[in-house]
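[1] Dropping the sequence and predicted coords here.
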Amino acid sequence: MRILRIKDFLLESNLDIKELDRPVAKTGEKKGDVLIQKIENEDPLTVEKPKGTKQDIIVSNIDLADKIKTNGRYDGSKGKMVLRGSSNQYPEVIIGDNDDQYRLTNVVKTEDFGSSGGTSLGTKGTLEMECIQCVVMALRQLSMESISEDDYQLLMEDSDLLNRCLEDVDNPIVVDVNLLTNFSHWVESFVTTANSMYIPRYVLSDKRRAVFRRRKKYKFIHANSELSKKIFKTYSKFSKINRNKWMPVDMWAIDSDEIVTVNDSLDIFNQVSESTIVDFNEFIDTLFDDDILVGISLKKNDRENFNIIINKETTQPKYVFSKILFSDPLNRSKGIDIVADLESPLEEREEKMQITTDKGSKISNILGKITRETARMGSIGLSPINNILSKYNVEVVPEASELEGYSVRYLKSKIISVYNDIWKEEPYTGKITREEISDLISMFQSLTLSNILLKTDPKKRDKIINDIYCYALSIRTDEFDSPKYVRTV
């Protein structure tokens with residue numbers, strides 16, 4: 001029998017073999033099936049290795065999913081054999097796109113696996129949404145003119161029309177009337193996105209017939225392809241980054257007359273051993289410019305708050321520090337928002353980044369999440385935040401692994417010290433009610449980041465904020481350049 005210390009028991013929030021046989025409360029879906037879908041659909045898994053350090057990875061050994069399922073569903077017996085093994089320690093059978101290996105117990109139980117909170121659709125819902133968007137894109141193409149929400153209703157009522165649209169779609173799941181009905185609250189976003197790709201004429205044209213594919217269906221041009229992995233290995237900087245930041249594409253539009261040519265070209269490109277990321281980006285850019293292969297990153301949108309951005313073509317937005325909002329940060333695990341002023345030819349407004357941690361009581365670093373009413377726009381972990389701070393020769397935020405060994409009393413004293421450094425004229429005289437180490441680390445890191453930004457020279461601070469926001473939104477990083485793709489915001 002395994003005996004856990006009280007601390008270990010309270011902080012246990014990662015997956016284990018028993019969890020995979022349990023259903024997700026919101027959906028009733030078995031967590032083992034969620035894991036299989038994430039692996040097969042190349043959706044990010046949040047992993048923790050080493051302790052206290054979290055990052056998102058894409059599972060590169062996709063065949064792992066086949067080893068733990070029977071008839072397309074999770075098989076508990078196979079899962080136990082493969083993921084648990086016969087030794088006293090879970091085997092490292094999960095290989096990430098960073099080439100590191102992980103145990104099942106390194107996988108964080110995020111919202112997709114039943115952790116509460118957040119605005120995400122979840123893995124299954126995201127897959128369904130992206131596949132429906134492909135169908136609505138085909139509907140717009142078939143119509144040869146802008147479509148409306150009434151056309152979506154017609155799509156649900158007319159099976160012949162739906163089947164004609166499906167001829168121009170290549171999806172991993174079947175989109176039927178029931179699925180279309182389940183996403184009726186997304187109709188405005190589906191229609192607005194489809195119309196925007198043609199009017200004004202950004203990248204798609206009625207003169208060409210495209211096939212619309214959900215991202216995984218393009219076996220070469222995705223973050224986890226053998227081609228991209230091979231190219232990334234020539235750059236040591238890429239060994240630890242989430243490659244979805246390089247190519248955050250959810251669906252593809254490919255010229256139906258060029259599919260074979262593109263596949264052949266990619267096969268040839270894959271055989272050139274000295275290919276670099278610069279070559280690869282230029283190759284994808286050429287396909288984009290010739291309207292042959294267009295990647296599209298999706299977000300839920302509405303007609304009033306909607307813009308199209310083409311990476312490398314649209315003038316990059318600029319983010320300028322505005323303020324930091326504090327909401328009782330000493331007694332809440334999240335209560336700090338960084339606010340930046342967005343300056344762009346398309347729009348000017350405030351953009352808020354919430355400083356938070358992943359749900360659950362597990363010790364982890366803070367991260368920044370840019371979230372609007374309709375969707376989560378992007379995020380950035382503490383490691384890249386610290387890299388940006390270091391770039392400008394500014395103090396960095398201590399990692400959770402450096403702080404978890406301290407006592408509750410000591411952490412509270414450090415938190416109050418940072419708080420009083422921010423509010424010198426109103427020193428804290430109350431009592432911190434939180435006792436969990438994970439909450440105290442979050443408070444300390446959040447306040448420390450805030451203090452660093454507030455004390456930094458304004459011109460340098462604006463540069464830091466701009467870099468942090470551009471990284472979170474997959475606009476630009478100092479580590480790599482991305483190819484051309486369309487992003488809806």
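    That came through fine. Numbers count the residues shown, from 1 in each chain.
[2] how's this structure carved up into domains?
    12-108, 123-306, 318-472 (automatic domain parsing).
[3] I'd like those domains written out as CSV, with mean pLDDT, distance to residue 488 and mean neighbour count added.
    Placement of C-beta: from N, CA and C, glycine included. Conversion of the domains of the chain to CSV gives the following (pLDDT from 0 to 100; distance: least, CB to CB, whole Å; neighbours: other CB atoms under 10 Å):
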stretch, mean pLDDT, distance to residue 488, mean neighbour count
domain 12-108, 83, 19, 17
domain 123-306, 81, 5, 17
domain 318-472, 84, 10, 17
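[4] Those: which one's closest to residue 483?
    domain 123-306 (3.8 Å; CB to CB).
[5] Now find how far off-centre the closest one is within its chain.
    17 Å (CA atoms, centre = their mean, to the nearest Å).
[6] now the strands for the stretch 301-450 of the chain?
    308-310, 318-326, 336-343, 348-356, 367-371, 376-381 (DSSP state E, counting those that start in this stretch).
[7] repeat for the stretch 51-200 of the chain
    Going by DSSP E, counting those that start in this stretch, the stretch 51-200 of the chain shows strands at 54-57, 69-70, 73-74, 94-95, 101-102, 169-170.
[8] can those strands go into a markdown table with extra columns for distance to residue 247?
    Formatted as a markdown table, the strands of the stretch 51-200 of the chain follow (distance: least, CB to CB, whole Å):
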| stretch | distance to residue 247 |
| --- | --- |
| strand 54-57 | 14 |
| strand 69-70 | 27 |
| strand 73-74 | 29 |
| strand 94-95 | 19 |
| strand 101-102 | 22 |
| strand 169-170 | 18 |
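[9] Tell me which of the ones you listed sits nearest to residue 348.
    strand 54-57 (30.8 Å).
[10] what's that closest one packed up against?
    strand 45-48 (3 or more CB pairs under 8 Å, 6 or more residues apart in numbering; DSSP states H and E).
[11] Could I get the CA-only coordinates of the strand it packs on as PDB?
    In PDB, the C-alpha atoms belonging to strand 45-48 read as follows (Å, rounded to 0.1, in the frame of the first residue of the first chain):
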ATOM      1  CA  LEU A  45      -1.400  18.400 -22.700                       C
ATOM      2  CA  THR A  46      -0.300  20.300 -19.600                       C
ATOM      3  CA  VAL A  47       2.600  18.400 -17.900                       C
ATOM      4  CA  GLU A  48       4.500  19.000 -14.700                       C
END
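[12] returning to what we had before: now distance to residue 162 too, for the strands of the stretch 301-450 of the chain, in CSV please.
    Listed next are the strands of the stretch 301-450 of the chain as CSV, based on distance: least, CB to CB, whole Å:
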stretch, distance to residue 162
strand 308-310, 26
strand 318-326, 42
strand 336-343, 39
strand 348-356, 38
strand 367-371, 33
strand 376-381, 30
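[13] With residue 60 as the reference, name the closest of those strands.
    Closest to residue 60 of the strands of the stretch 301-450 of the chain is strand 376-381 (CB to CB; 19.8 Å).
[14] partner strands of the closest one, parallel or antiparallel?
    With DSSP bridges as the test, strand 376-381 is paired with strand 367-371 (antiparallel).
[15] what are the ranges of the helices in the stretch 301-450 of the chain?
    Ranges of helices in the stretch 301-450 of the chain, per DSSP state H, counting those that start in this stretch, are 382-391, 400-403, 408-422, 437-455.
[16] what sits up against stretch 29-42?
    Under the criterion CB atoms under 8 Å, 6 or more residues apart in numbering, residues 15, 19-24, 43-45, 58-59, 62, 64-65, 68-69, 73-76, 79, 107, 112-114, 122-124, 127, 172, 215-216, 222-224 lie in contact with stretch 29-42.
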